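>>> Provided below for reference: sequence and predicted model.
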Amino acid sequence: MSVGAPRGLASSGQKPIAEILHPLSAAEEPLSPGPDVTVTVGGDKEVGLTNGTPVETSSPASASSLFNRLQLDDDLEADVRDPYASTETRDLFVTVDDPKKHVSTMETYITYRVSTKTTRIEFDLPEYCVRRRYQDFDWLRIKLEDSQPTHLIPPLPEKFVMKGVVDRFSEEFVETRMKALDKFLKRVADHPVLSFNPHLNTFLSAKDLNKRQGLALLTKVGESVKHVAGGYKLRARPAEFCAMGEYLDTFTQKLGTIDRIAQRILKEQSEYLTELREYGTVYSSWAGSEEELQRPLEGVASSVTTCCGALDVQSENMGQDFLPVLREYILYIESMKNVLRKRDQCQAEYEGRLEAAILRKQEDRTPMPVEVEKCQDKVECFNADLKADWERWQSNKRQDFKQLLTGMADKNINYYEKCQAAWESLITLLQDKQTEDKTSETN
């Protein structure tokens, strides 16, 4: 078991890697009712919850009702699958919000409010409120990687941005980063081992962080691990962990392709939006010089303006909601690969020490050194922790992508509904104009 972690992360009961489906694969999983839904098939179909509440089985009256039903299914599945998602079992709640800009003679930076509510005895108070900047979050992640090397540490958003391309002090960028930092901290706080790390306690409760302390030790520890494992060559990674590596490679490729295409779509939407706005302005100016066509032309301009607004919201949703999730999981994959490499180093160290011990035993019949047994225990602990974190990551990933794709579908439906309503109103206006013209001709 990892250093400082409470016991209880058993590796038994984990699903084989082959049973875990890729979230973006072509294979579709048939929808089935949630665990609290009963279905009776006979002459008549009756669907209801276990508490007797009837559920409508006919086609939804609108897209929003379909979206609400999908959300209900997600909630039911989440309650059964993830015990840490229930607020009744959680005793540590964290929130990152309220970004503020600080300007000094030396630098300009953003801080975020980190609020904590807890009932754990490790904390002196039930509530804390501190301000942290990005480098403080980075300090916490480094400390977690150092003290919990056998566990998957959630990723942080990228620190560096291209100057001239993204303004890191813009409201949009700060809002996106704040959401990513909030998600990072919530994932750590919900983890059954990482949430008890003393460095997290310090991060959440201390007014000032002494980030310099321990950096030299961290560097030495990292170098010693490389030195110890560097002299050995891993015989073969176990099949289960080979499957994990292959899965991560495939997942990276798929997400990278989607991210590149989505970036191009976002750029083309921005260019199209500029043209569309100019297009609507032409009809507005034309209406001023055509008295007979003034109302129809103004109607076209109004419809185009509505479509511009809908497209602007659609692009904003893609940039602030869709793309950040893709990038988070691309970084998550790198974190998982890093843990796999550490596991391989641990196994290589054990195999090297075991081979050396066997040779010594053959020569002078010495007993197996204690260091070899410790290395074996460390490998077994690494395997158990990695399997548990892998299963937890897969569960979170399935839920995140379900919400992401459902939200994307709902926002696309809203976009096209707004555009359709705008052009339908124009048809009504043209029909009314045609009726008025016929009436005037008759008179």
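In hand now; what should we look at? Remember, it's a predicted structure, so these values are computed and weren't measured experimentally. Numbering: from 1, shown residues only.

>>> low-confidence regions, the stretch 251-400 of the chain specifically.
Scanning the stretch 251-400 of the chain for pLDDT under 70 picks out the ranges 362-368.

>>> can you map out the strands along it?
When assigned using DSSP state E, counting those that start in this stretch, the stretch 251-400 of the chain turns out to have no strands.

>>> quick one, what contacts the residue nearest to the spatial centre of the chain?
Within the chain, one residue has its C-alpha closest to the average C-alpha position: by C-alpha atoms, centre = their mean, that is V325, at 4.6 Å. The neighbourhood of V325, defined by C-beta atoms under 8 Å, 6 or more residues apart in numbering, consists of D400, F401, L404. All C-beta spots, glycine's among them, are computed from the backbone N, C-alpha and C.

>>> other SSEs contacting the strand or helix carrying N412?
Of the helices and strands defined by DSSP states H and E, N412 is found in helix 370-442. Packed against helix 370-442 by the contact rule (3 or more C-beta pairs under 8 Å, 6 or more residues apart in numbering; DSSP states H and E) you find helix 63-81, helix 239-287, helix 294-317, helix 323-364.

>>> repeat the analysis, applying 10 Å as the threshold.
Contact here means 3 or more C-beta pairs under 10 Å, 6 or more residues apart in numbering; DSSP states H and E; on that basis helix 370-442 packs against helix 63-81, helix 171-190, helix 239-287, helix 294-317, helix 323-364.

>>> distance from it to the middle of the chain?
The chain centroid and the centroid of helix 370-442 are separated by 12 Å, computed with C-alpha atoms, centre = their mean, to the nearest Å.

>>> what of stretch 306-322?
Relative to its chain's centre, stretch 306-322 lies at 20 Å (C-alpha atoms, centre = their mean).

>>> buried set for it?
Going by neighbour count (16 or more other C-beta atoms under 10 Å), the buried part of stretch 306-322 is T306, C307, C308, A310, L311, Q314, S315, N317, M318, G319, D321, F322.

>>> next one: the closest residue to the first one other than its chain neighbours from R295, what distance?
Meaning T306. Take T306 and drop its neighbours on the chain: the residue closest to it by C-beta to C-beta, 6 or more residues apart in numbering is A422, 3.9 Å away. Using C-beta to C-beta, to the nearest Å, one obtains 15 Å as the distance from A422 to R295.

>>> now A243
Taken as C-beta to C-beta, the spacing of A243 relative to R295 amounts to 66 Å.

>>> need phi/psi at Y112.
Taking degrees, to the nearest 10, you get phi -130, psi 150 for the backbone angles of Y112.

>>> of all the buried residues of stretch 306-322, which comes closest to V193?
Ranking those by separation from V193, with C-beta to C-beta as the measure, puts D321 on top at 29.8 Å.

>>> show me the contacts for that closest one.
Contacts here follow C-beta atoms under 10 Å, 6 or more residues apart in numbering; on that basis D321 touches T176, K179, Q403, L404, G407, M408, K411.

>>> need these in JSON lines with pLDDT and distance to R260, can you?
As requested, the contacts of D321 are arranged in JSON lines below (pLDDT from 0 to 100; distance: C-beta to C-beta, whole Å):
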{"residue": "T176", "pLDDT": "89", "distance to R260": "19"}
{"residue": "K179", "pLDDT": "93", "distance to R260": "22"}
{"residue": "Q403", "pLDDT": "94", "distance to R260": "23"}
{"residue": "L404", "pLDDT": "94", "distance to R260": "17"}
{"residue": "G407", "pLDDT": "93", "distance to R260": "21"}
{"residue": "M408", "pLDDT": "93", "distance to R260": "17"}
{"residue": "K411", "pLDDT": "95", "distance to R260": "21"}
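
>>> so which of the residues you listed is the closest to T95?
K179 (11.3 Å).

>>> apart from its neighbours in sequence, what residue is nearest the closest one?
If the residues on either side of it in the chain are set aside, K179 comes closest to P324, at 7.0 Å by C-beta to C-beta, 6+ apart.

>>> how about F184?
Computed as C-beta to C-beta, 6+ apart, the closest residue to F184 that is not its neighbour in sequence is P154, at 5.1 Å.

>>> give me the below-cutoff pLDDT ranges for the stretch 101-250 of the chain.
160-166, 210-234.

>>> quick one, helices of it?
Counting by DSSP state H, counting those that start in this stretch, one finds helices in the stretch 101-250 of the chain at the ranges 134-147, 171-190, 198-205, 215-230, 239-287.

>>> for the ones you listed, which one sits closest to T435?
It is, among those and with distance given as C-beta to C-beta, helix 239-287, at 20.1 Å.

>>> I'd like to know which elements that closest one is packed against.
helix 294-317, helix 323-364, helix 370-442.

>>> 6 Å instead, please
Helices and strands in packing contact with helix 239-287 are listed as helix 294-317, helix 323-364; criterion 3 or more C-beta pairs under 6 Å, 6 or more residues apart in numbering; DSSP states H and E.

>>> can you add distance to K117 and mean neighbour count and give the helices of the stretch 101-250 of the chain back as a markdown table?
Below are these laid out as a markdown table (distance: least, C-beta to C-beta, whole Å; neighbours: other C-beta atoms under 10 Å):
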| stretch | distance to K117 | mean neighbour count |
| --- | --- | --- |
| helix 134-147 | 18 | 19 |
| helix 171-190 | 11 | 18 |
| helix 198-205 | 10 | 19 |
| helix 215-230 | 30 | 12 |
| helix 239-287 | 34 | 14 |
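
>>> need the ones you listed in CSV (columns: distance to E436).
What follows is the helices of the stretch 101-250 of the chain, written out as CSV (distance: least, C-beta to C-beta, whole Å):
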stretch, distance to E436
helix 134-147, 62
helix 171-190, 46
helix 198-205, 68
helix 215-230, 79
helix 239-287, 17
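
>>> right, and those helices - which one's nearest S302?
helix 239-287 (8.2 Å).

>>> re earlier: quick one: closest of the helices and strands packed on helix 239-287 to R141.
Comparing the helices and strands packed on helix 239-287 by C-beta to C-beta, helix 323-364 comes nearest, at 9.3 Å.

>>> okay, the angle between the closest one and helix 171-190?
Between helix 323-364 and helix 171-190, the angle comes out at 40 degrees (axes from the mean of the first three to the mean of the last three C-alpha atoms, to 10 degrees).

>>> give me the angle between helix 323-364 and helix 134-147.
Helix 323-364 and helix 134-147 meet at an angle of 30 degrees, taking the same axes, to 10 degrees as the criterion.

>>> any idea how far helix 323-364 is from the chain center?
Its chain's C-alpha centre and that of helix 323-364 lie 26 Å apart, by C-alpha atoms, centre = their mean.

>>> that helix versus helix 370-442: what angle between them?
On the basis of the same axes, to 10 degrees, helix 323-364 is oriented at 170 degrees to helix 370-442.
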